[in-house]
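Visitor: Can you look at this prediction? I've put the sequence above it.
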Amino acid sequence: MGLEALLGRAKQGDLDAFTEVTRRFQHMAFGYALSIVRNLQQAEDVVQEAFVAAWFGLLTLTDPAAFPGWFRGIVRHQAYRLVRQREIQALPLAAAEAVAAAGSPPDDRIEQGQQVAAVLGAISRLPVPLREIVTLFYVHDCTQQDIATFLGLPVTTVNNRLHAARAQLRRRTLTMVKDTLEAHRLPDDFAARIGRIVRTREGLVEVLFDPTKLPDPLTELTVSDEGRRRAVTVQVVQLLENGVVRCVPMSPVEGLSPGMTVMSSGRRVEAPVSREVLDGAVRLLAGGARETTRPPELIETGIKVIDVMCPLTRGGTVAIAGEYAAGPMVVTEELCRRLNEKPGGVSIFTFIPPGPGPSFQEVWVKEGHSGGTAGTVQTFYFLGEEAWTAERLSALPAVDAVIRLSRELARLGIYPTVDTIVSRSRLLDETLVDRDHAEVAAQVREALTACSAGTTGPGALSAAADLSTQRVRKLLRFFAQPFFAAAPYTKQPGPYVPREDALRGCRAILGGECDAVPEQAFDFSGTLEDVLRKARGA
């Protein structure tokens, strides 16, 4: 489709048409901004701001043929505004250009940062007309004709300036310029990072993106509120259908409305949302579910430790919070797989700890999870805190159960890493399960608390000083269970253990019926019968 037709559709509010315009001009805009600000990350920021400004200013563009020059002026304005605002430093490029891929050794990052600084420094010493041409030429292999159109110059002028720029750059420097700019291009999916708000409700915002390029949960988005001359940061908490993501603002904010432009930074949020925003979001997102749980009805997961110690309610809510390396995403994925076809389902609020870990795509691509709704299960993701306790999460409105995951149990090789001492369910707290279940859960928690084995780490488990400690060790091993989601790694299928079988196994262990059974027989088992068969070597 021609530029004039695309701009005509964009003026009518067609975001897809404007996204295509963005694709056609993003590399030119990036190279032009880079020639002014001389900083790769800041040049990308300038381009994002320029396209947002262009989207809101399209109605003032009377001649579509004038778009390249009109847009170039917007980029220039945004770039010089940034130059005026930023603080002048002695060595800004060396400090700012740590652009190596994640995971590169420190020495490599320093070396690459120095190379970028040298390249941009060499370009900056060229006269402005030459600087523009050489930067545009080596960013995404822009042709001389493209450059001429964007800058509003004859092709011969572009060729002459490119020749002059090459002559002024020494041969070795020219090679380095070419290699560096090619290595640090604008991301190919840049145009797909533009979205728009389609729905708002109190503290929730729903944003439409290209369905094939959705931002992950916990991704930071920037809403451009031109009317109030502000940028509002929101984070993705759930993926919906048809290219829509659900978001919450990082702090309380008003005035966001449908039609506002949103840019995805592609970066993960670095700080949790405020307590006020979190409480409001959980209340809104879980609001409809709790109305279906009167009177409460148990929903069985087939996961022993959850069904016994923190049972879930049909149509209810659960908060999952894990310490770093304790596996909150795996537990969430497993619950989705086990509950997605059960009537009523659950709403899961998962709090991912800060720090590196498997990406959402690494988990979902392998398991086929949508990242938002799986059958009757809805999942919402928030950045958590290492210090969050079960009491802190229990204070969230509308949460029926809290599953707290422990890094210490992970170190012991006990998965799932559910801390049975602090995990909670209102079904147990309010004695809404049958008496036998409540008594078994209380005995388990009492035994674990007395032994302190659930929270004190390897030392407590390795010292089997008495019979009660041995029983606690077996109980913890009995709660360890293979997962369907982890089968590609453990090479073991995920057994489904009915609640009654899980309760019977706990009673047998605490009652001394398994004192003669070797502890290793309890590792990653299913029912008590499975444990006994393993002990017999069958």
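Guide: All right, it came through fine.
Visitor: any idea how this protein splits into domains?
Guide: 3-183, 191-271, 277-425 (automatic domain parsing).
Visitor: need those domains in CSV with mean neighbour count and mean pLDDT, can you?
Guide: Where you see a C-beta, it was placed from the backbone N, CA and C, and this is true even at glycine. Shown next, in CSV, are the domains of the chain (neighbours: other C-beta atoms under 10 Å; pLDDT from 0 to 100):
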stretch, mean neighbour count, mean pLDDT
domain 3-183, 17, 74
domain 191-271, 18, 86
domain 277-425, 20, 82
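Visitor: is it possible to export those domains to a markdown table including distance to residue 483?
Guide: Shown next, in a markdown table, are the domains of the chain (distance: least, C-beta to C-beta, whole Å):
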| stretch | distance to residue 483 |
| --- | --- |
| domain 3-183 | 27 |
| domain 191-271 | 21 |
| domain 277-425 | 5 |
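Visitor: between those, which gets nearest to residue 478?
Guide: The closest of these to residue 478 is domain 277-425. By C-beta to C-beta, the value is 7.0 Å.
Visitor: Just the endpoints, please. Distance across that closest one?
Guide: End-to-end distance of domain 277-425 (C-alpha to C-alpha, to the nearest Å): 24 Å.
Visitor: Stretch 479-490 now?
Guide: 16 Å.
Visitor: so what strands line up beside the lengthiest strand in the chain?
Guide: When the chain is parsed with DSSP state E, its longest strand is strand 230-239. The strands beside strand 230-239 in its sheet (DSSP bridges) come out as strand 219-225 (antiparallel), strand 244-249 (antiparallel).
Visitor: residue ranges for the strands of the stretch 51-200 of the chain, please.
Guide: Taking DSSP state E, counting those that start in this stretch to define them, one finds strands in the stretch 51-200 of the chain at 194-201.
Visitor: and if you look at the stretch 251-400 of the chain?
Guide: 261-268, 298-299, 312-313, 316-322, 346-352, 373-374, 377-383.
Visitor: so how far is the fifth one off the chain centroid?
Guide: When distances are taken as C-alpha atoms, centre = their mean, to the nearest Å, strand 346-352 is centred 13 Å away from the chain's centroid.
Visitor: So which residues make contact with the longest strand of the chain?
Guide: With C-beta atoms under 8 Å, 6 or more residues apart in numbering as the test, strand 230-239 has contacts from 205, 207, 214-225, 245-250, 253, 256, 262, 269, 273, 281, 285, 370-373, 378-383.
Visitor: what angle separates it from strand 261-268?
Guide: 60 degrees (axes from the mean of the first three to the mean of the last three C-alpha atoms, to 10 degrees).
Visitor: Measure how strand 230-239 sits relative to strand 377-383, angle-wise.
Guide: Interaxial angle of strand 230-239 relative to strand 377-383 (the same axes, to 10 degrees): 140 degrees.
Visitor: Quick check, residue 169 in contact with residue 134.
Guide: Yes: between residue 169 and residue 134 there is a contact under C-beta atoms under 8 Å: 7.4 Å.
Visitor: among the strands paired with strand 230-239, which is nearest residue 328?
Guide: Using C-beta to C-beta, the strands paired with strand 230-239 put strand 219-225 closest to residue 328, at 17.3 Å.
Visitor: For residue 526, give its distance to residue 495.
Guide: Counting by C-beta to C-beta, to the nearest Å, the gap from residue 526 to residue 495 is 3 Å.
Visitor: of the two, who's got more company?
Guide: Counting neighbours by other C-beta atoms under 10 Å for residue 526 and for residue 495 shows that residue 526 has the greater number, 23 against 17.
Visitor: Could you pull up the residues touching that one?
Guide: Contacts for residue 526 were tallied using C-beta under 8 Å, 6+ apart; they are 481, 495, 497.
Visitor: Closest one of those residues to residue 80?
Guide: Distances from residue 80 to these, taken by C-beta to C-beta, are shortest for residue 481, at 60.8 Å.
Visitor: Excluding chain neighbours, what is closest to that closest one?
Guide: Ranked by C-beta to C-beta, 6 or more residues apart in numbering and with sequence neighbours excluded, the top spatial neighbour of residue 481 is residue 304, at 5.7 Å.
Visitor: I'd say the one you found and residue 478 touch.
Guide: Yes: contact criterion C-beta under 8 Å: residue 304 and residue 478 qualify, at 7.0 Å.
Visitor: any common contacting residues for these two?
Guide: Both residue 304 and residue 478 are in contact with residue 505, where contact means C-beta under 8 Å, 6+ apart.
Visitor: And the contacts of residue 526, which is closest to residue 426?
Guide: Out of the contacts of residue 526, the member with the shortest distance to residue 426 (by C-beta to C-beta) is residue 497, at 22.8 Å.
Visitor: Between the two ends of stretch 403-418, how far is it?
Guide: Stretch 403-418 end-to-end distance (C-alpha to C-alpha) = 6 Å.
Visitor: Likewise for stretch 424-443?
Guide: End-to-end distance (C-alpha to C-alpha), stretch 424-443: 14 Å.
Visitor: what does that stretch contact?
Guide: So stretch 424-443 is contacted by 295-296, 298, 308-313, 390, 394, 400-402, 499, 503, 506-507, 510 (C-beta under 8 Å, 6+ apart).
Visitor: what do you get for stretch 328-342?
Guide: Against stretch 328-342 from outside (C-beta under 8 Å, 6+ apart): 299, 301-303, 314, 318, 320-322, 345-346, 348, 350-353, 357-358, 360, 363, 367, 369, 374-377, 379, 384, 403, 405, 416, 418, 483-486, 494, 496.
Visitor: Which residue ranges of the stretch 401-538 of the chain form strands?
Guide: According to DSSP E, counting those that start in this stretch, the strands that the stretch 401-538 of the chain contains are 401-405, 424-425.
Visitor: looking at these, which is closest to residue 59?
Guide: Nearest of the strands of the stretch 401-538 of the chain (C-beta to C-beta): strand 401-405, 50.8 Å.
Visitor: how far off strand 316-322 does that closest one point, in degrees?
Guide: 20 degrees.
Visitor: for the stretch 101-250 of the chain, what spans make up the helices?
Guide: 106-124, 128-138, 144-151, 155-168, 171-183 (DSSP state H, counting those that start in this stretch).
Visitor: Overlap of the contact sets of residue 526 and residue 495?
Guide: Each of residue 481 lies in contact with both residue 526 and residue 495 under the rule C-beta under 8 Å, 6+ apart.
Visitor: how about this protein, which residue sits the furthest from its center?
Guide: In the chain, counting by C-alpha atoms, centre = their mean, residue 156 sits farthest out from the average C-alpha position, at 48.1 Å.
Visitor: close enough to count as contact, residue 83 and residue 36?
Guide: Yes: Residue 83 is within contact range of residue 36, at 6.6 Å (criterion: C-beta under 8 Å).
Visitor: Find residues that contact each of these two.
Guide: Counting by C-beta under 8 Å, 6+ apart, residue 83 and residue 36 have no shared contacts at all.
Visitor: Apart from its chain neighbours, what residue comes closest to residue 514?
Guide: residue 508 (5.5 Å).
Visitor: Quick check: mean pLDDT of stretch 484-495?
Guide: For stretch 484-495, mean pLDDT rounds to 82.
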